[in-house]
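1. quick one: sequence plus predicted model below, questions after.
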Amino acid sequence: MSVEIEDTQDIQNYVRMLVKEQGHEKAELIPILHEINGKYGYISDDAIKELSKQMSIPSSHIYSVATFYRMLSTEPRGRHVIQFCESAPCHVAGGRLVWQKLTEELGLKKGETSEDNKWKLLTTSCLGVCGVGPVMVIDNDIYGNVTPEQVPGILSNYE
C-alpha cells in the first residue's frame with residue numbers, strides 16, 4: 001500500500017537509509033527503486049534527485065531505469081495496481097469479455113487511476129502464464145482462467 005510523501009526531507013532520509021543499507025553500487029539501483037516504489041507507491045522526482053546524489057549516478061539514468069520497468073512508476077498509482085494481459089492467447093480465451101467487465105466494474109480506461117486512488121488499471125503484453133488465460137494480476141496476486149462473472153468477486157477481495 002502506498003502512502004503520501006509528507007515532505008522532501010522524508011524521502012531524502014528514506015533514500016539515504018536505503019543506500020546506506022544496500023550500498024552505493026550501480027547494481028543496487030533497481031532494488032532500491034523497488035523499495036521506494038513499494039513504500040510510496042511511486043518514485044518521485046525528489047527520490048530520483050537524492051538517489052543521484054547518494055549513488056553518483058546521473059538523474060537521467062535513474063529516470064530511464066525507473067520508467068523502463070513496468071513494476072516501477074514515476075507517477076502516483078492507486079493502492080491496488082491491476083495488470084491485465086492483452087496478448088493473443090488471453091484474447092482468444094475470452095480476454096476481451098473479461099476486459100469489458102473489468103472496465104465496467106471499475107469505471108476506468110486503460111492507464112487510468114480511480115478518483116479515490118484505490119485502483120490503477122494497466123494492460124501488459126504478456127504475464128508469462130498463457131496456459132491459464134485470460135490472466136490478470138492485482139498487486140502480486142495472479143488470477144488465471146478469469147471469466148467476466150468472476151471479476152466482481154475478485155475485486156471484492158481488495159475492499
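-> Ah, there it is.

2. ok, and what's touching stretch 68-81?
-> 1-2, 30, 33-34, 37, 41-45, 48, 63, 65-67, 83, 113-114, 117-120, 122, 124, 138-139, 158 (CB atoms under 8 Å, 6 or more residues apart in numbering). Every residue, glycine included, has its C-beta placed from N, CA and C.

3. repeat that for stretch 27-42.
-> 1-3, 5, 11, 14-15, 18-19, 22, 43, 47, 51, 55, 57, 62, 65-66, 69, 71-77, 79.

4. can we see that at 6 Å?
-> 2, 5, 18, 22, 43, 47, 66, 72, 73, 75, 76, 77 (CB atoms under 6 Å, 6 or more residues apart in numbering).

5. mind checking pLDDT for the last one?
-> What it means is residue 77. Looking at residue 77, its pLDDT reads 80.

6. now the most centrally placed residue in the chain: which helix or strand?
-> In the chain, the centroid-proximal residue (CA atoms, centre = their mean) is residue 71; its distance is 4.5 Å. Under DSSP states H and E, no helix or strand contains residue 71.
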